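Student: Got a sequence here, can you build the structure:
(3 chains)
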Amino acid sequence: MSISMFMSEYKCVAVAMVMVASVFDASAQSSAVDEIARYRAQLQDGNPAELWEARGEDLWKQKRGPKNVSLEGCNIGKGAGVVKGAYAQLPRYFADADRVMDLETRLVHCMVTLQGFSYADATRRVFGSGSNRSDLEALTAWITSESKGVVMNVALNHDKEKEAYNLGEKMFFFRGGPHDFACSTCHAESGKRIRLQDLPNLTEKKGAQLGYTTWPAYRVSQGELRTFQWRLNDCFRQQRFPELVFGSEISIALTTFLANNANGAAFNAPAIKR
Amino acid sequence: MADPMRIRAAVRDGVVNVKVLMSHEMETGQRKDAAGKLVPAHYIRSVSATYQGKTVLSAQWGPAISKNPYLEFNFKGGQKGDKVIVIWEDNKGEKRSDEATIA
Amino acid sequence: MNHSRRKAIKTGGGVLAMLFAAGVIGPEVVLAQNLGESAFSMKTLAEVMRAVGAQSPATSDAIVIKAPSIAENGAVVPVSIESKLPGTESITLLVEKNPTPLVASFGIPAGTEGNISTRVKMGQTSDVYALVKADGKFYMAKQEIKITLGGCGG
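Tutor: As a prediction, the model looks like this:
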């Protein structure tokens, strides 16, 4: 992990527990919450996600791959090369692939079909770390930024879109793993938090909107931009589920369920989070 | 080569506000990798900004500036349409120079 | 002081010296780099203060530190410093309990406002100091910032 700066992670956790205990004694609680809100507000200006967005825009326009073409011929839902507002309508069914795709899966599809990359090459580094950077994260940062302020409108017209939604809903409530855990264990009740992080209730409109429209995000604890595929992957890890395979049917089903539940809210990412 | 900076410069009431994001790891030299070996320090140690050949800010940094550094400052007398140039150099001698047009 | 200034010019001046030689920037840039690299390795606040030549700076209300009193993550703590002191020449930022307290020093040429924002790493809860040199004298302000997670979220 890239985050423990001066101490070992073990020591950090110990410090964290002590601090949370002292920060959250009864009298100090509300002012502590206010100060954390102030901390978050002060970070909003100058989001390093912009560095990923700039690189992503270049990658989109560059001629790359064995076929030496740009991604400007890629149709991510609103026609070839149309980026503006496209993310607010994803995932969706794509007839040419005969499946429901989220943005990242669609980008891989275009890298394979348009640019001639092998699937293995296109998905070699789906999540970046330090100098091992992920092109997919950069592309996702730029394309999602082009939907900032656009109202979420994920349709369930095609049978496969409905199927994906239903499967995603099932997965959201599915209990399993060594802890008998489900997404809903953390995200189906209001007013819950882990340490200082509020957990959105994804079964309610407001929580679903807040949760979905603020990903991708620059994670200050990692110094990395993280996509929604990463968010789900890490939820699976935290639940001690088997690893969520990138671009898998279940990952897109969950995304479809969560994105559709966020319909009606303005998309507001890439965001910046702890 | 390092990624370009993101520089925003805007003039209001004769004062130019400059916001800069830089792409850099800012390794402290105190962190250990998975194998238990110290990761060598790697950080931007000097930054300067110029407007029409005149320095409007100079800075010396250590490794405790956050990864992907952010810097904001204000100077008087800049004109809309003119350029602000920002330069950084890190402890390994790598350099990066970018410019922005004042909006 | 003079020793560390010379050292800074020698070791830290690469790009600046080059531009200076090329006539792109004036000599004031190089002179503003008045801290030797060694100041960044010093382990205590007192050592850094001595090296800078600010043994016992007066506390000043004209220096305002704008930072949250609690930071969610020590890896990224937003700090703004504003000096309203006339003739502000430099602003230096220190975190007392970091392994090396000196974080950054900003040279403020005439015409630039004494107002700087950046983000710093903090290993633990600590006082943050803003040290300002104005008209040749040193002044300071400090604020405690509590760190809830020393940069260790998941």
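Student: drop to CA atoms for contacts and neighbour counts, all remaining ones
Tutor: Will do.
Student: Mind listing the residues bridging to the residue most central in space within chain C?
Tutor: What sits nearest the mean C-alpha location of chain C, by Cα atoms, centre = their mean, is residue C:92, with 2.2 Å. Note on residue C:92: beta-bridge partners by DSSP bridges are residue C:105, residue C:131.
Student: Flag every residue of chain B that's near chain A.
Tutor: B:3, B:5-6, B:19-23, B:25, B:28, B:30-31, B:34, B:67-68, B:70 (Cα under 8 Å from any Cα of the partner chain).
Student: residues near residue B:51, how many?
Tutor: 19 (other Cα atoms under 10 Å in any protein chain shown).
Student: List the neighbouring strands of the longest strand along chain C plus their orientation.
Tutor: Determined from DSSP state E, the single longest strand within chain C is strand C:137-147. Note on strand C:137-147: by DSSP bridges, its sheet partners are strand C:58-59 (parallel), strand C:70-71 (parallel), strand C:126-134 (antiparallel).
Student: thinking again about what came up before, quick one, which of the residues of chain B next to chain A are buried?
Tutor: B:5-6, B:19-23, B:25, B:28, B:30-31, B:67-68, B:70 (16 or more other Cα atoms under 10 Å in any protein chain shown).
Student: just checking, the residue nearest to the centre of chain C touches residue C:101?
Tutor: No. If you go by Cα atoms under 8 Å, residue C:92 and residue C:101 don't touch, sitting 10.7 Å apart.
Student: What ranges in chain C fall below the confidence cut-off?
Tutor: C:1-34, C:149-154 (pLDDT under 70).
Student: Do a quick rundown of the strands in it.
Tutor: Going by DSSP E, chain C shows strands at C:58-59, C:63-66, C:70-71, C:77-83, C:88-95, C:102-107, C:112-120, C:126-134, C:137-147.
Student: Let's have these in CSV, adding distance to residue A:225.
Tutor: Formatted as CSV, the strands of chain C follow (distance: least, Cα to Cα, whole Å):
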stretch, distance to residue A:225
strand C:58-59, 40
strand C:63-66, 26
strand C:70-71, 20
strand C:77-83, 18
strand C:88-95, 27
strand C:102-107, 25
strand C:112-120, 17
strand C:126-134, 28
strand C:137-147, 23
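Student: nearest to residue A:272, of the ones you listed?
Tutor: Counting by Cα to Cα, residue A:272 lies closest to strand C:77-83 out of these; the figure is 12.9 Å.
Student: which outside residues touch that closest one?
Tutor: A:39, A:42-43, B:66, C:62-68, C:71, C:91, C:114-122, C:130, C:132 (Cα atoms under 8 Å, 6 or more residues apart in numbering or on different chains).
Student: go on, stretch A:203-221?
Tutor: A:3, A:47-49, A:140-141, A:144, A:187-189, A:200-202, A:224-228, A:258-259, A:261-263, A:265-274, C:73, C:75-76, C:151-154.
Student: ok, now which ones touch residue 63?
Tutor: Unless you meant another one, I'm taking chain A. So residue A:63 contacts A:69-71 (Cα under 8 Å, 6+ apart).
Student: was after chain C, sorry
Tutor: Residue C:63 touches C:81-85, C:130, C:132, C:140-141, counting by Cα under 8 Å, 6+ apart.
Student: can you dump the C-alpha coordinates of stretch C:104-118 into CSV?
Tutor: Presented in CSV, the C-alpha positions along stretch C:104-118 are these (Å, rounded to 0.1, in the frame of the first residue of the first chain):
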residue,chain,number,x,y,z
ALA,C,104,8.1,24.2,2.6
SER,C,105,9.4,27.7,2.3
PHE,C,106,7.9,30.2,-0.2
GLY,C,107,9.7,33.3,-1.4
ILE,C,108,7.3,36.2,-1.8
PRO,C,109,8.6,38.8,-4.2
ALA,C,110,7.1,42.4,-4.1
GLY,C,111,3.8,42.4,-5.9
THR,C,112,2.9,38.8,-4.8
GLU,C,113,0.4,38.6,-2.0
GLY,C,114,1.3,36.9,1.2
ASN,C,115,-1.2,34.2,0.6
ILE,C,116,-0.3,30.6,-0.1
SER,C,117,-2.4,27.4,-0.2
THR,C,118,-1.0,23.9,-0.4
